[in-house]
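Trainee: here is a sequence with its predicted model. Questions after.
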Amino acid sequence: MKTLSRDTKLGLGILLALVGMIIFAAIKQPTEETYPRLSSLSSAPDGALALKLWLQELNYPVDEQVLESFTPPDKATILFALEPFFINATELKALDQWVENGGTLIAVGEQYGMYALVDHYDFAVEYLPEGEAQPAVETPLWNSPLSGDMTNLQVRSALVTERDDHIVLAAYKGKPVLVSFEQGDGRVIFGTMPSVFTNAGLKQTGNPEQVLNILALARTRGLVWFDEWHHGVQGGAQIQGPGQFLRRTPLGQALLFALFAVFITLFLQGRGFGRPVPLPQELKRRGAWEHVTGIANLSRRAAHRPAVMLYYHDQIKRKLGQRYRLDPGMDDEQYAHKLSGFNPALDKNELLNLLKRLKRRNVSETEMVLLAVEAAQWIDT
């Protein structure tokens, strides 16, 4: 029986691995398309499909167009931004223009994507230390003529701001959880009570009334648009850069898959990328004394004797004057005069003579060694 070669076995192994990955991906493929929390396309308990269908039953026209770039529809009068993902500065500018032209923005959420939106209007989200709490109505006219029942409403965060031009509609212990304020000809409504708008939340007593109360605050009753752009539902594939091309397009994903297969093949074969370098049979390590000798020889060849002398000159003045806080950069005669004033036992003339000799430029190697020994004695005293 013929034995398979190593490369053949490797190819069959990679083929079986690819088939296994395809089967695993098919098994793990979700049977239903999943959407983010509070998406108007989601029928899950935390989705907002029921809100959209209910508004249509209340004769609110709903615009369901998928945008190629984020610009609120001109005909829309009410915009729901429910737990949006991160909104950049350009999109915030377009949103500002739409609100100032008379639109009503209803933004509700408590997750990270909401932070950029509320921060743009000088608000901040602050989590309650109690965890979950039940708020209460703060503005009496807001729930008229509807009920202000909030027994089924629980909030985990509140809004914080230094603005004084907003109306607090609901709060917990003085901390707003629902506010509204004017922006140009339009109005902005912020809330940290997203559970009210979910499919499951609308089934609970009092929550539908709260939604109707919020809708009643809109400047104009008209076309409603749900911001699904910031839930990832975007029309016209916008490919920006090679990274998005590789991740989002079938061709890019095929290239990544092929590169991955090639990498695995090369990795399993263990082939080198160059000529092998033989290991040395014997590794000789130099001793510390050999390094010191080498540095000394280099210094001798470079004629560093004046630099060595200036080093000892500086070290003497630093060591002797350290106790008396004398500046080593001082003139030698002035330094010796002041030092002898502090230490009368010091031989001033001998010190000046040594310092003068250490500043000489032309010294032999023998003279340098003798001066270094003498300087070391002064430093050690």
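Mentor: Sure thing, it's come through.
Trainee: which residues in the chain form helices?
Mentor: With DSSP state H as the criterion, the chain has helices at 6-28, 49-57, 89-100, 112-120, 207-216, 241-248, 250-269, 288-301, 305-321, 332-342, 348-358, 365-380.
Trainee: lowest average confidence across the ones you listed, which one?
Mentor: Comparing mean pLDDT across the helices of the chain, the lowest value falls on helix 241-248: a mean of 62.
Trainee: circling back to that earlier point, return the most buried member of the helices of the chain.
Mentor: Mean neighbour count (mean count of other Cβ atoms under 10 Å) peaks for helix 207-216 among those, with a mean of 19. No exception for glycine: its C-beta is placed from N, CA and C like everyone else's.
Trainee: who are the packing partners of it?
Mentor: With contacts taken as 3 or more Cβ pairs under 8 Å, 6 or more residues apart in numbering; DSSP states H and E, helix 207-216 sits against helix 49-57.
Trainee: what does the helix it packs on rub up against?
Mentor: 39-43, 62, 80, 197-199, 202, 208, 211, 215, 224, 226 (Cβ atoms under 8 Å, 6 or more residues apart in numbering).
Trainee: how about the contacts made by the residue nearest to residue 226 when sequence neighbours are not counted?
Mentor: Nearest residue to residue 226, sequence neighbours excluded (Cβ to Cβ, 6 or more residues apart in numbering): residue 40, at 3.9 Å. Shown in contact with residue 40 (Cβ under 8 Å, 6+ apart): 47-49, 51-52, 80, 82, 226, 228.
Trainee: look up phi and psi at the closest residue to residue 113 other than its chain neighbours.
Mentor: Leaving out its chain neighbours, the residue that sits closest to residue 113 by Cβ to Cβ, 6+ apart is residue 85, at 4.4 Å. As for residue 85, its main-chain torsions (degrees, to the nearest 10) stand at phi -80, psi -180.
Trainee: count the neighbours of residue 85 for me.
Mentor: Counted by other Cβ atoms under 10 Å, the residues lying close to residue 85 total 15.
Trainee: now the residue nearest to residue 226: how far from residue 169?
Mentor: Note on residue 40: its distance to residue 169, by Cβ to Cβ, to the nearest Å, is 23 Å.
Trainee: any weak-confidence spans in the stretch 101-250 of the chain?
Mentor: Across the stretch 101-250 of the chain, the ranges flagged by pLDDT under 70 are 140-149, 235-250.
Trainee: go again using 80 as the cut-off
Mentor: Residue ranges of the stretch 101-250 of the chain with pLDDT under 80: 139-151, 232-250.
Trainee: pLDDT score for the residue nearest to residue 113?
Mentor: 85.
Trainee: quick one: contacts for it?
Mentor: So residue 85 contacts 36, 113, 230-232 (Cβ under 8 Å, 6+ apart).
Trainee: now do residue 47
Mentor: By Cβ under 8 Å, 6+ apart, the residues touching residue 47 are 35, 37-41, 198-199.
Trainee: got those as a markdown table, with distance to residue 97 columns?
Mentor: Formatted as a markdown table, the contacts of residue 47 follow (distance: Cβ to Cβ, whole Å):
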| residue | distance to residue 97 |
| --- | --- |
| 35 | 28 |
| 37 | 28 |
| 38 | 25 |
| 39 | 25 |
| 40 | 23 |
| 41 | 26 |
| 198 | 30 |
| 199 | 32 |
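Trainee: among those, which one sits closest to residue 332?
Mentor: Closest approach to residue 332 among these (Cβ to Cβ): residue 37, at 80.8 Å.
Trainee: doesn't residue 108 make contact with that closest one?
Mentor: No - assessed by Cβ atoms under 8 Å, residue 37 is found out of contact with residue 108, at 11.2 Å.
Trainee: give me the beta-bridge partners of the closest residue to residue 125 other than its chain neighbours?
Mentor: In this structure, residue 125 finds its nearest non-sequential neighbour in residue 157, 5.2 Å apart by Cβ to Cβ, 6+ apart. Beta-bridge pairing for residue 157 (DSSP bridges): residue 127.
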